[in-house]
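# this one's structure only:
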């Protein structure tokens, strides 16, 4: 990805002004040397969230998704549109936006899955798909909503852009420059590879963590078990406190890659089960030692943000 | 369990002076109003660890396990003997100690599994099994060894005692009083129940965490995946940095309860897999919401120590 020095914009329109959209707005206005008029318009399904964003000064104006005239005015002359709503809303949102979209506006998104988002965008935008640059900022907090938005949420975080063959390089560079202006590192990756990588390191662990709590709840002595749960349980299940709606959508949207990961994981677990049943300590120790070495190496190489304190980033992605 | 006001001792002998044994010694000598002469003797397989414990003032004297005369002298008149070595060493250690054991000495342990420890103690002690009170302090740190020992490691932690029918109540009360003097809460539980509870909330999550890292390592693009791993992976795999030797022993020692948990978990995962494959968002959301509610309720009820910062207690049990 070519390096781009600076970013400037006159108008940014954010659909879904929560943690993710709100933090982008704050970062572009409060950090660095971003140029242009820097007007930010928020569009939401409920008036409550955009009103709160206005109160906090995160956006300059709001528009209702239901109001044609307001939506047309909001999108007129927009440099960038960010979709920061749950991924299942991508297609209806883009269908709603399409009639009012200027040919020079670049649309991007912040969804945790990419193949399904690309398919939704192709269905909604048709020949104008080149205007859509799929993206995924890897950032979250335990708290969600615009009140949790921070100007430095993206500092040292990774943002993945899954550019399409139809995208002009200048459009991709402009979205990359936008994210770099927030302090993030930008990486290029095809959508299917993105989905395989995150199925493995993020979506699968979330499913496994929810499943452990479910397994305990299924037992007759769940209360006793919870009362003796300690540090191992706490860390392992921190992500089981994530948004059920968001993770439902991620699981369904990325089902193909996630099913492959679940099948591979079930096979690993079956091999460990056999070793435990056979009392095969040598195999267990070899696997555990290999895992520990890899985990320790990851910890050493990880950026301060990857290994930041849980209060700040217990989940990989936010329910926006 | 009857309440016991205070604890006093003249001589405590610790087999394995690492984090767990060293923290008990420090707690009993530096905290509270423990009475008696409070002499602590450390016995280890290697001279290095007992010498370091001497240097740090954690113990008053050391004895070599290989030296009959030294061992006899160390055990003579001991009030309490603590085994704080890996559980697989319980039987050989007790066989070594038995010939020198005073009838009035109470032996206890700090192992993470209890049924196997009880079986080992019965085999080694025979008719003198009543002198052995099985125990398990639920405490650990990422660091191990006597240098990591802390006088307040057990404050607000749980200690489980799995009293045997052969134990006199006074012996059990005395070990309970010892742990309470360190600031811990003491709970009574049969050994088989203990093993089922900890298979569920501790041993299974450790296996699952090791297995996730193994699953990523098995893939052709492991390096790419690790480079995008973020907060979810970090929390989920923190326990995969635990001691391979210790967890090998725990898995083998508690295999019966752990296999039941793995089978139950595999069934839960298979149900989630079916829901994902069917695109059954309602089932996924219901399970995730139920898990989140239980995890959040646990977090609210947890003691400050259960939810303490990972630096302090990422693992439930220490490799001693």
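Looks like it came in fine. On a predicted model such as this, the values are computed, not experimentally measured, just so you know. Numbers count the residues shown, from 1 in each chain, chains lettered A, B, ... in the order given.
# can you list the low-confidence ranges for chain A?
A:1-5, A:142, A:303-320 (pLDDT under 70).
# which parts of it are helices?
A:19-30, A:47-55, A:68-75, A:90-97, A:115-125, A:169-181, A:191-198, A:204-217, A:222-228, A:231-236, A:244-253, A:255-277, A:281-301, A:310-313 (DSSP state H).
# mind putting those helices into CSV with mean neighbour count?
All C-beta atoms are positioned from the backbone trio N, CA, C, and that covers glycine. Below are the helices of chain A laid out as CSV (neighbours: other CB atoms under 10 Å in any protein chain shown):
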stretch, mean neighbour count
helix A:19-30, 25
helix A:47-55, 17
helix A:68-75, 16
helix A:90-97, 20
helix A:115-125, 20
helix A:169-181, 20
helix A:191-198, 22
helix A:204-217, 25
helix A:222-228, 17
helix A:231-236, 26
helix A:244-253, 24
helix A:255-277, 18
helix A:281-301, 17
helix A:310-313, 17
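# so which of those helices gets nearest residue B:244?
Closest to residue B:244 of these, according to CB to CB: helix A:281-301, at 3.6 Å.
# who's in contact with that closest one?
Surrounding helix A:281-301, the residues in contact under the criterion CB atoms under 8 Å, 6 or more residues apart in numbering or on different chains are A:272, A:275-276, A:307, B:209-211, B:213-214, B:216-217, B:222, B:226, B:229, B:233-234, B:237, B:240-245, B:247-249, B:251-252.
# just to revisit the earlier point, okay if I get the helices of chain A as JSON lines plus distance to residue B:194?
Listed next are those as JSON lines, based on distance: least, CB to CB, whole Å:
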{"stretch": "helix A:19-30", "distance to residue B:194": "42"}
{"stretch": "helix A:47-55", "distance to residue B:194": "48"}
{"stretch": "helix A:68-75", "distance to residue B:194": "62"}
{"stretch": "helix A:90-97", "distance to residue B:194": "50"}
{"stretch": "helix A:115-125", "distance to residue B:194": "46"}
{"stretch": "helix A:169-181", "distance to residue B:194": "51"}
{"stretch": "helix A:191-198", "distance to residue B:194": "38"}
{"stretch": "helix A:204-217", "distance to residue B:194": "16"}
{"stretch": "helix A:222-228", "distance to residue B:194": "9"}
{"stretch": "helix A:231-236", "distance to residue B:194": "16"}
{"stretch": "helix A:244-253", "distance to residue B:194": "33"}
{"stretch": "helix A:255-277", "distance to residue B:194": "18"}
{"stretch": "helix A:281-301", "distance to residue B:194": "21"}
{"stretch": "helix A:310-313", "distance to residue B:194": "29"}
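# what parts of the stretch 51-200 of chain A come near chain B?
Neighbours of chain B within the stretch 51-200 of chain A, by CB under 8 Å from any CB of the partner chain: A:138, A:140, A:158, A:160, A:187, A:193, A:196-198, A:200.
# now, the most widely separated pair of those?
Of all pairs in those, the most separated under CB to CB is A:140 and A:193 at 21.3 Å.
# so what are the domain limits for chain A?
A:11-189, A:194-305 (automatic domain parsing).
# including distance to residue B:42, could these go into JSON lines?
Shown next, in JSON lines, are those (distance: least, CB to CB, whole Å):
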{"stretch": "domain A:11-189", "distance to residue B:42": "43"}
{"stretch": "domain A:194-305", "distance to residue B:42": "26"}
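# so which of the ones you listed gets nearest residue B:59?
Comparing the domains of chain A by CB to CB, domain A:194-305 comes nearest, at 27.0 Å.
# so what's residue A:109 up against?
Contacts of residue A:109 (CB under 8 Å, 6+ apart): A:82-84, A:87, A:90, A:117, A:121, A:132, A:134-136.
# got a list of what residue A:15 touches?
A:21, A:43-44, A:65, A:81-85, A:93, A:97.
# list only buried entries from the residues you listed.
By neighbour count, with 16 or more other CB atoms under 10 Å in any protein chain shown, the contacts of residue A:15 hold A:21, A:43-44, A:65, A:81-85, A:93, A:97 as buried.
# among those, which are in strands?
In strands, defined here by DSSP state E, the members of those are A:43-44, A:81-83.
# between which two of those is the distance greatest?
Farthest pair in those, by CB to CB: A:44 and A:81, 13.8 Å.
# now the end-to-end length of stretch A:216-228.
12 Å (CA to CA, to the nearest Å).
# outside of it, which residues touch it?
B:138, B:158, B:160, B:187, B:193, B:196-198, B:200-201, B:264, B:268, B:290-291, B:294, B:298, B:301.
# what is the neighbour count of residue A:46?
Around residue A:46 there are 10 other residues, counting by other CB atoms under 10 Å in any protein chain shown.
# dump the residue contacts of the residue nearest to residue A:153 when sequence neighbours are not counted.
Distance criterion CB to CB, 6 or more residues apart in numbering or on different chains; nearest residue to residue A:153, sequence neighbours excluded, is residue A:23 at 3.8 Å. Going by CB under 8 Å, 6+ apart, residue A:23 touches A:139, A:149-151, A:153-154, A:182.
# any idea how far residue A:60 is from residue A:23?
16 Å (CB to CB, to the nearest Å).
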